[in-house]
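Please work out how this folds:
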Amino acid sequence: MVNRILRLFQCFTLGMIYHLLLVFPSFAFCQNRDDSINVLHYAIQLEKIDIPSAKIGGHTTIKLVSNYNSVNHLQFELLKLTVDSVLVQGVAHPFSYNDTLIELHLSTALRLHDTITVVTYYQGSPHVESSGWGGFHFSGKNLAYNLGIALNEIPHNFGRVWYPCVDNFTERASYDFYIKVDSSLMAVCNGMLISTATGPGPTKTYHWELKEEIPAYLASVAVSDYAEVHGLYDGQKSAIPTVFYVTPDDTSLAKGSFLHLNSVLAGFERRFGPYRWPKVGFVSTSIGAMEHATIIAYPSGSINGRLTDESLYAHELSHAWFGNLITCQTAADMWINEGWAVFSESVMMEEVYGTEAYKNDIRKKLHDVLRNAQYSDEGYHALYNPPEKHTYGSTTYDKGGVVVASLRGFLGDSVFFGTVRAMLDSFAFKSISTYQMLEFFNTHSGSKLDDFFEAWVFSPGFPHFSVSSFAVKQLGKEFEVTLQMRQRLKGATKPANSNRIEIGFYGNAWQHTVKTMKFSGLSGTQTFLLPFAPVLAMADPEGKLGDASVDYQAILKTTGKHDFPDTYFSMNISSIRDSALVRVIHNWIAPDSMLHGIPGLCLSNTRYWKVEGLFPAGFTARADFAYDSYPGLEFDLLSESTENVVLLYRPNSASQWQRTNCIRIGNQEQGVLSLEKLQAGEYTLAIPCRKSE
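Numbering: from 1, shown residues only. This next block holds a predicted model:
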């Protein structure tokens, strides 16, 4: 698929485009399809689903309306099937077909608002993408189903593998499905079951109807010997049936795996607004998962009676809001579908397991994208318009989820979720572009978010924020604190502007307050007036912004081992008389170079740690810093060296690095550097330089 935005670049400069998109979001993209018609309705009738031979056959009736006068050319997408005939208004009509497009040239041109029907008869072996994911699948003796998206083939939309359609993210229509199957099987589709007709012979025909309009890729059929597990959710607007179509042996397992479904629905409705579909449905497939509207294809292996895959079903369920209710306008905007769904996984954790579970889930996603995305996606990419072969990559999913969480942290819950609900109302059953989303948030949130979107959505990489220093001056009973912030870049090409970073100030007696730091560019200074003298200033103490760092903090009261997840750090406390506040920040960015250098040592160019907190008198702990030659960690540092990796320390950013007396446990490729006595400050890894360095 050719991204529409790319066609604009042929006509305008980047600056002109950017301002046009902000002022006229409806002008966001040149058309990449013939928009002369609007499909109103599809009636898909499959008379044959032959599982042993992996073939289908039937016909689809397309009801459409002309958007202009003098429309005489029609085209529909159908991939690698055989077209037997085409009828226009009930009369056989000549056509051309090249395994991709069905083209019709009408002898009598349509006028504006003319409505006609086109019926296409077709059959054959439907396509599955080379990766084995998207397409129309046959499995075993009694399972057939479609997955409406190709992860690797371009264009990604795969409604076209089983019926003729206008297959993009913007064209929406209602549906009827008439699926004939062997009488021992059941056909499951979008919407509500209208009727089941018996015959001729040992067959049944299932009629399903979806009144709500969806893009073609979200249409679905699944056939097997399904058993039904029914439930009911008391939604904001009405009672909504829930139903799982599973193998007969899995009915009890479904109840266990979806134990919290109603709680998740309630959490999503509270945050995103009402569920607007006639049912919540999941259908068991051999692989998946795919968010077909009202009937999610869900892998049978995840219906196991346990709660191990709650994030998976929460992700697919959230598409009822992000992807199905509103749909990305093009593949360039895919983060609107998938990034918001990844964020919703964490919302599910918050709803079912609490705030800390949400934070832990977001932290893990941030860790994963900082460590892996540059390799799995072959570089750093912006959320908007990544390379099309990486449309469904880690950037779109994990960075997308982290950025949505960062937008939540930037705006605060009340404004963020209020704006989200308003956006879903305004764009319900429509497509939305990234620029339209920005403009809507600008209008409804009360904040100008152009700089936020520029840094986090339209640009590659991540900003990195840290407190450089702070100075305290007493003014009577109050204290004036002058704080300096620093911004560095990981894979980004320019700094983020209009930043708002929460700063947690702590006093020796555990006094605590949070202020907001505002700055642009690579550094900033701001003065705060506090009722106590702070000894510690934490940047983003609640982890609301997904910058290029992963932190974990804890209040510790006992001796023994304490892990700090996703930071490659753990400690073993040997002595503690009172509570200790410990925060470890794993910074996914190169440490400052050595001011004067330690002869013969070269620093990591990937990461460093900062340990900060309130340590009571008598607090002692051993600390373990993990190293690994895996790409993203010490690959560049260790890949060509056979020398020992060492740990360096400095108490603050104004000090020089010094070598620690640590013990290495492990080998050159993987292990920990164990430091007998932990101190607050910064730590990084180094190796003896090669002679050429």
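
Do you know the pLDDT at the closest residue to Ala150 other than its chain neighbours?
Spatial nearest neighbour of Ala150, chain neighbours left out: Gly134 (3.6 Å); criterion: Cβ to Cβ, 6 or more residues apart in numbering. No exception for glycine: its C-beta is placed from N, CA and C like everyone else's. pLDDT for Gly134: 98.

May I ask you to confirm that Gly134 is in contact with Tyr145?
No: at 11.7 Å, Gly134 does not count as touching Tyr145 under the criterion of Cβ atoms under 8 Å.

picking that back up, from Ile44, how far out is the residue nearest to Ala150?
18 Å (Cβ to Cβ, to the nearest Å).

quick revisit: what's around the residue nearest to Ala150, how many residues?
A count of nearby residues for Gly134, using other Cβ atoms under 10 Å, gives 25.

From Asn157, how far off is it?
Distance check for Gly134 against Asn157: by Cβ to Cβ, it reads 9 Å.

Show me whatever sits in contact with both of these two.
Counting by Cβ atoms under 8 Å, 6 or more residues apart in numbering, the shared contacts of Gly134 and Asn157 are Gly148, Ile149, Ala150.

Which pLDDT value goes with the first one?
Turning to Gly148, the model gives it a pLDDT of 98.

Please name the nearest non-neighbouring residue to it.
Closest to Gly148 by Cβ to Cβ, 6+ apart is Tyr217, at 4.0 Å.

contacting residues for Lys490?
Lys490 is in contact with Leu370, Tyr380, Gly461, Phe462, Pro463, His464, Ala548, Trp588, Ile589, counting by Cβ under 8 Å, 6+ apart.

one step back: between the shared contacts of Gly134 and Asn157, identify the one with the most neighbours.
Ranking these using other Cβ under 10 Å puts Gly148 first, with 27 neighbours.

looking at it, Ile179 is touching Leu46, isn't it?
Yes: using Cβ under 8 Å, Ile179 is in contact with Leu46, at 5.1 Å.

same for the longest helix seen in the chain, what does it pack against?
Criterion DSSP state H: the longest helix present in the chain is helix 355-376. Applying 3 or more Cβ pairs under 8 Å, 6 or more residues apart in numbering; DSSP states H and E, one finds that helix 355-376 makes contact with helix 335-353, helix 394, helix 400-411, strand 549-556.

picking up where we left off before, turn the shared contacts of Gly134 and Asn157 into CSV, columns for secondary structure.
Converted to CSV, the shared contacts of Gly134 and Asn157 look like this (DSSP: H, G, I helix; E, B strand; the rest coil):
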residue, secondary structure
Gly148, coil
Ile149, strand
Ala150, coil
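
any chance of those residues in JSON lines, with distance to Cys662 too?
Compiled in JSON lines, these are given as follows (distance: Cβ to Cβ, whole Å):
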{"residue": "Gly148", "distance to Cys662": "54"}
{"residue": "Ile149", "distance to Cys662": "49"}
{"residue": "Ala150", "distance to Cys662": "50"}
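
Tell me the one of these nearest Thr308?
Closest approach between the shared contacts of Gly134 and Asn157 and Thr308, by Cβ to Cβ: Ile149, at 23.9 Å.

Distance check, that closest one against Phe268.
22 Å.

sorry, back to before: give me the common contacts of Ile179 and Leu46.
Val221.

one step back: name the member of the contacts of Lys490 with the most neighbours.
Going by other Cβ under 10 Å, Phe462 tops the contacts of Lys490 with 30 neighbours.

Now do the phi/psi pair for the closest residue to that one other than its chain neighbours.
Leaving aside its sequence neighbours, Phe462 sits nearest to Ala548 (Cβ to Cβ, 6+ apart; 4.1 Å). The phi and psi values for Ala548, taken as degrees, to the nearest 10, are phi -80, psi 50.

Tell me which residues touch Ala548, please.
Residues in contact with Ala548 (Cβ under 8 Å, 6+ apart) are Leu370, Gly461, Phe462, Pro463, His464, Arg488, Leu489, Lys490, Asn587, Trp588, Ile589.

do that again at 6 Å, thanks
Phe462, His464, Lys490, Trp588, Ile589 (Cβ atoms under 6 Å, 6 or more residues apart in numbering).

ok, the residues you listed vs Lys279, which is closest?
Phe462 (40.0 Å).

partner residues bridging that closest one?
Assessed by DSSP bridges, Phe462 has beta-bridge partners Lys490.

In contact with it, which residues?
Taking Cβ under 6 Å, 6+ apart as the criterion, Phe462 is in contact with Lys490, Asp547, Ala548.

now these as a markdown table including distance to Phe322 and pLDDT?
Below are the contacts of Phe462 laid out as a markdown table (distance: Cβ to Cβ, whole Å; pLDDT from 0 to 100):
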| residue | distance to Phe322 | pLDDT |
| --- | --- | --- |
| Lys490 | 27 | 97 |
| Asp547 | 24 | 98 |
| Ala548 | 26 | 98 |
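
got JSON lines for those residues, with distance to Gln89 too?
What follows is the contacts of Phe462, written out as JSON lines (distance: Cβ to Cβ, whole Å):
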{"residue": "Lys490", "distance to Gln89": "60"}
{"residue": "Asp547", "distance to Gln89": "60"}
{"residue": "Ala548", "distance to Gln89": "60"}
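
with these in mind, which one is nearest to Gln484?
Nearest to Gln484, judged by Cβ to Cβ, of the contacts of Phe462 is Asp547 at 16.8 Å.

Are we agreed that Lys389 is in a strand?
No: counting by three-state DSSP, Lys389 falls outside a strand, being helix.

residues touching the most far-flung residue of the chain relative to its centre, list them.
Centroid-distance maximum for the chain: Gly476 at 50.2 Å, with Cα atoms, centre = their mean. When the contact criterion is Cβ under 6 Å, 6+ apart, Gly476 has no partners at all.

shaky segments in this structure?
Residues of the chain meeting the criterion pLDDT under 70: 1-34, 595-597, 639-643, 690-693.

Which stretches in it count as helices?
Going by DSSP H, the chain shows helices at 4-8, 14-23, 251-257, 261-272, 310-318, 335-353, 355-376, 394, 400-411, 413-426, 434-445, 450-456, 635-638.
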